[in-house]
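**Student:** Please work out how this folds:
(2 chains)
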Amino acid sequence: MMAGGAAAGMFGSLLGLGGGVLIVPLLTLVFGLELREAVGVSLVSVIMTSSVAAGVYLERHVADLRLGMRLELFTAIGALVGGSIAFLIDERLLALLFAGLLAYVAISMLRSRESSARGAVEGTTYEVRNLPLGVVGATGAGIVSALLGVGGGIIKVPLMHLGMGVPLRVSTATSNLMVGITAAASAVIYLIHGEVDPYVAGPTAIGVFLGASAGSRIAHRVDLRVLRYLFVAVLLYTAVQMLPRVVG
Amino acid sequence: MTDFDRTIGRLLIGVTYAATALLAVGVVLMLASAISPLSGGPTLDIGSLAGDLASLQPAGFLWLGLIAVIATPITRVVAAAIAFAIADDRRMVLIALAILAVIATSVATALLTG
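**Tutor:** The predicted structure follows:
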């Protein structure tokens, strides 16, 4: 459980994702937990990854706090709206559109170049562009996140990187900052409904802490191409995971 | 602003270290009591938390650690709001307060609708 948590924490901190994509299958398939219980533990793990990684990235001036807070406001609004309109939308159509979007983003990321944005990590500045697009995209990320149960990071990283001109490392670091707050809102609900098991969440969260600490400290040494290919692999994996929902 | 980012970063790291220390104590007590992680843990009972901590029950430390973990991002937004207020950056203060309001609304809506 701790080892699985460590893998998820490292993976999540490097790519700006919560790591739930690993935690939920681990707990349901390997340890036989109910899906709802696994999601409750996963939410705690996402917050742990977010807090540890964002702390390190803020300290090293890799994460963009102002941009992150602007976008997370709209993601939270999107999640609230998504939760309210869930019964109005055909989930199969949404899953199909989302899978198509992920595949398109994966191809775009493979074709993109890091260009001048690379300098930001070394201390030079970069310019955030297309803030209105970011606002719309972050709201959409919140809606999709609430409707399909996927983490917002998988949308926000390409949104910032491809759509707003933010360097890939800064995008993943800022995404780490953002995923914690929406996961915290959901985790409170799971906690109140008794869907968080402390005996499972405790060891898993410690593993996540160790993995996320290591991941955020080695992130600057990981080649950008490796980071990009890993992210594209996760995008395609998530797109494939959506297909059974399309079929219904 | 860079010192501000560093302060918020250190706050996040400090709270997560404290939360992890509580979780680690809980896991050690679990092991000492031969409790399996898959044995089904107790649900949260705020009223018995202090008693569980005083009597070194693993659940008390685990719950306190988990509450600290969940509270960390919210603490970060509150700290940012205070720091932006000190820096007289009203727009960012409003954004921080709006985030907290939306999160509170989301939790309240979810609880009211079951």
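**Student:** who are the neighbours in contact with residue A:247?
**Tutor:** Taking C-beta atoms under 8 Å, 6 or more residues apart in numbering or on different chains, we find residue A:247 in contact with residue A:92. Glycine gets a C-beta too; all of them are placed from N, C-alpha and C.
**Student:** pLDDT score assigned to it?
**Tutor:** Residue A:247 is assigned 74 on the pLDDT scale.
**Student:** try residue A:121
**Tutor:** At residue A:121, pLDDT is 47.
**Student:** Could you do residue A:114 as well?
**Tutor:** So, for residue A:114, pLDDT stands at 50.
**Student:** for residue A:69, same thing?
**Tutor:** The model's pLDDT for residue A:69 equals 95.
**Student:** now residue A:86
**Tutor:** Residue-level pLDDT assigned to residue A:86 equals 67.
**Student:** Which parts of chain B are helices?
**Tutor:** Ranges of helices within chain B are B:2-32, B:46-54, B:58-86, B:90-112, based on DSSP state H.
**Student:** swap in chain A?
**Tutor:** Using DSSP H, helices in chain A cover A:2-15, A:20-25, A:35-59, A:65-85, A:91-111, A:131-148, A:153-158, A:168-192, A:198-218, A:224-247.
**Student:** any chance of those helices in TSV, plus distance to residue B:52?
**Tutor:** Converted to TSV, those look like this (distance: least, C-beta to C-beta, whole Å):
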stretch	distance to residue B:52
helix A:2-15	23
helix A:20-25	26
helix A:35-59	19
helix A:65-85	33
helix A:91-111	41
helix A:131-148	34
helix A:153-158	35
helix A:168-192	16
helix A:198-218	11
helix A:224-247	39
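**Student:** sorry, back to before: go through the helices of chain B and pick out the most buried.
**Tutor:** helix B:58-86 (a mean of 22; mean count of other C-beta atoms under 10 Å in any protein chain shown).
**Student:** what's the angle from it to helix A:65-85?
**Tutor:** 120 degrees (axes from the mean of the first three to the mean of the last three C-alpha atoms, to 10 degrees).
**Student:** Can you list the helices and strands that helix B:58-86 packs against?
**Tutor:** Helices and strands touching helix B:58-86, by 3 or more C-beta pairs under 8 Å, 6 or more residues apart in numbering or on different chains; DSSP states H and E, are helix A:35-59, helix A:65-85, helix A:168-192, helix A:198-218, helix B:2-32, helix B:46-54, helix B:90-112.
**Student:** So the longest one, near chain A or not?
**Tutor:** Yes: counting by C-beta under 8 Å from any C-beta of the partner chain, contacts between helix B:2-32 and chain A involve B:2, B:4-6, B:8-13, B:15-16, B:19-20, B:23-24, B:26-27, B:30.
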